[in-house]
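Let's see this in three dimensions:
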Amino acid sequence: MQVTRTLKLKFHNLNAVKATVFAETTAACTELANELIKLPLKERKKLTTAQVITPLKSALANQVIRQVKGKAGKKTQEFKLLPPEINCQNWRLFKKGNTYSVSFPTIQGVKRVPIEIKSNHWQSLLDRLFDGDESISKGTLKLYQKQGKWFALVSLTEEVPEVESNNRVGVDRGQNQLATAVPKQGFGLLFSGKEVKYRRRYFQQRRQQLQKARKYRAVKKLEQKEQRWMRAVNHTVSRRIVNFADWLDADLVLEDLSGCRQTMKQSKKLRADNAESRHAWAYYDLQSKLEYKQALNGRQVHYRPPHYTSKTSSVNGVIGKRNGNWFKCTSGAVLQADFNSGRNLAIWDYRFCPVDSGKPISVMDIANLQDGVVGSPLNSMNIINGRTTAVQLSLFDCTNYETRRENPTF
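Residues are numbered from 1 along each chain as shown. Sure thing, here's the model as predicted:
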């Protein structure tokens, strides 16, 4: 498995002269990109540095041409700012004592600048790269400025040995509980969302006050602060879940929530409240962090359809009743609802459930089953007038699910 990460490295004690050179290089890259983007796409694909007039060095000009030819050039009509990007062949890493530095071409030639390493983990990665470890390779380096400070965004790709495991930990994501990680047996991890809801409402009220006062720059800064805070929360939650799965020697199983904001209905009152709104729910950010942290351990994240995970009992596989945070099984068992959903994802391999591609809930009525089905595929396959009215989905069998996604009428 290959895992690509980007290290954000701040330049150490950068003087005003080099900062000016970086700004001039950025301006020249942006100007060149805006000139080239006016050309038709066919002409752009044939461009070389010999046909371009620019003060940039060929390494920088070539990278600008590549960006204009690619997806960024197809979707953009004008670049407000295009940070300089240097490919892996044209930047180098140096180490002298405990000081690290990088050299790369600018508008005034190659510059070598010391960088700050604030993480021991990042330092170990750079040491491996400097020592010539074959399992790690460097990618591009990009110059980036934020709030008057310059950074080097360094891309590194690491090869990680893949670990095969038949154990599973189901992770149910939500807003009342940010995440609930549950194995097939035993206790799990529950991460409450009360603090997140409280902070969401605080940020929303503060933004409204600033907007009334017409302090729009402060509004933007507050939005960025909220995003950074939420990313930090998701980093902590994902790290603990991945460590929990690694301790159990297990892969993670998540619900496929793609497009949930369009399919989950909400009232206007809930939509206006950032603590309850689906559009303020950072479920994808948590998902992406779980993916790359699992990959660093050589493990995988599996995705399953969300049908019935919240309505099915993890005790006997029968459709039960959910009331708020609690789920009542027909056997009389009362479970925490998110814990029950996570357990269903963890035992997805060993259950069968009827799923109709259009209306999954109506399958129970079609099959004349009041309490659902357990186990037997024949119970959920019903032939009426010579055609199958329900699709049998073997839990943990992606083939049927992917076929239904590609062919909705299946």
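
ranges for the helices of the stretch 151-300 of the chain?
With DSSP state H, counting those that start in this stretch, the ranges of helices along the stretch 151-300 of the chain come out as 194-212, 216-247, 260-263, 268-272, 283-296.

ranking the ones you listed by mean pLDDT, which is last?
Across these, helix 260-263 has the smallest mean pLDDT, namely a mean of 80.

who touches it?
Arg278, His279, Trp281, Tyr283, Pro306 (Cβ atoms under 8 Å, 6 or more residues apart in numbering). Heads up, the C-betas are built off the backbone N, CA and C, glycines and all.

How about stretch 5-12?
18, 99, 102, 113-118, 122, 125-126, 144, 149-156, 158, 292.

Can you tell me which of those are classed as buried?
With burial judged by 16 or more other Cβ atoms under 10 Å, the buried subset of those is 18, 102, 113, 115, 117, 122, 125-126, 144, 150-156, 158.

okay, now Glu35: neighbour count?
By other Cβ atoms under 10 Å, the residues close to Glu35 number 14.

Let me see the confidence value for it.
Reported pLDDT for Glu35: 91.

closest to Val163 out of the helices of the stretch 151-300 of the chain?
helix 216-247 (9.0 Å; Cβ to Cβ).

Please name every helix or strand in contact with the closest one.
strand 167-173, strand 177-183, strand 189-192, helix 194-212, strand 250-255, helix 283-296 (3 or more Cβ pairs under 8 Å, 6 or more residues apart in numbering; DSSP states H and E).

Now do the buried residues in it.
Buried-residue list, helix 216-247, by 16+ other Cβ under 10 Å: 219, 222, 226, 230, 233-234, 237-238, 241-242, 244-246.

can you check stretch 5-23 too?
When burial is assessed from 16+ other Cβ under 10 Å, stretch 5-23 yields the following buried residues: Arg5, Leu7, Leu9, Phe11, Leu14, Lys18, Val21, Phe22.

Please tabulate those in CSV, including the columns distance to Lys80 and secondary structure.
Output for the buried residues of stretch 5-23, formatted as CSV (distance: Cβ to Cβ, whole Å; DSSP: H, G, I helix; E, B strand; the rest coil):
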residue, distance to Lys80, secondary structure
Arg5, 27, strand
Leu7, 25, strand
Leu9, 24, strand
Phe11, 23, strand
Leu14, 23, coil
Lys18, 23, helix
Val21, 21, helix
Phe22, 17, helix
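
The stretch 251-400 of the chain: strands as residue ranges?
301-304, 321-323, 326-328, 334-336, 352-355, 383-384, 387-388, 391-394 (DSSP state E, counting those that start in this stretch).

hang on, the earlier thing: Asn90 is nearest to which of the helices of the stretch 151-300 of the chain?
Judging the helices of the stretch 151-300 of the chain by Cβ to Cβ, what sits closest to Asn90 is helix 283-296, at 26.5 Å.

list the helices and strands that closest one packs on?
Right, helix 283-296 is packed against strand 2-10, strand 167-173, helix 216-247, strand 250-255, strand 301-304 by 3+ Cβ pairs under 8 Å, 6+ apart.

Quick check: which of those is nearest to Phe130?
Across the helices and strands packed on helix 283-296, closest to Phe130 is strand 2-10 (Cβ to Cβ), at 13.4 Å.

tell me the angle of the closest one relative to helix 283-296?
Counting by axes from the mean of the first three to the mean of the last three Cα atoms, to 10 degrees, strand 2-10 lies at 110 degrees to helix 283-296.

Quick one: mean pLDDT over strand 2-10.
91.

How about stretch 172-180?
Taken as a whole, stretch 172-180 has an average pLDDT of 92.

Report the distance from it to the chain centre.
16 Å (Cα atoms, centre = their mean, to the nearest Å).

and that stretch, C-alpha only, in CSV?
What follows is stretch 172-180 as a C-alpha-only set of coordinates in CSV (Å, rounded to 0.1, in the frame of the first residue of the first chain):
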residue,chain,number,x,y,z
ASP,A,172,-21.3,4.6,13.0
ARG,A,173,-21.0,8.4,12.4
GLY,A,174,-23.6,10.9,13.6
GLN,A,175,-24.2,14.3,15.2
ASN,A,176,-25.4,13.3,18.6
GLN,A,177,-22.5,10.8,18.8
LEU,A,178,-19.6,12.0,16.5
ALA,A,179,-18.5,8.4,16.1
THR,A,180,-19.2,5.0,17.7
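
So which residues make contact with it?
Counting by Cβ under 8 Å, 6+ apart, 171, 182, 188-193, 196-197, 233, 237, 241, 254-255, 257, 275-276, 281, 283, 286-287, 309-310, 325, 336, 338-339, 341-342, 345 sit against stretch 172-180.
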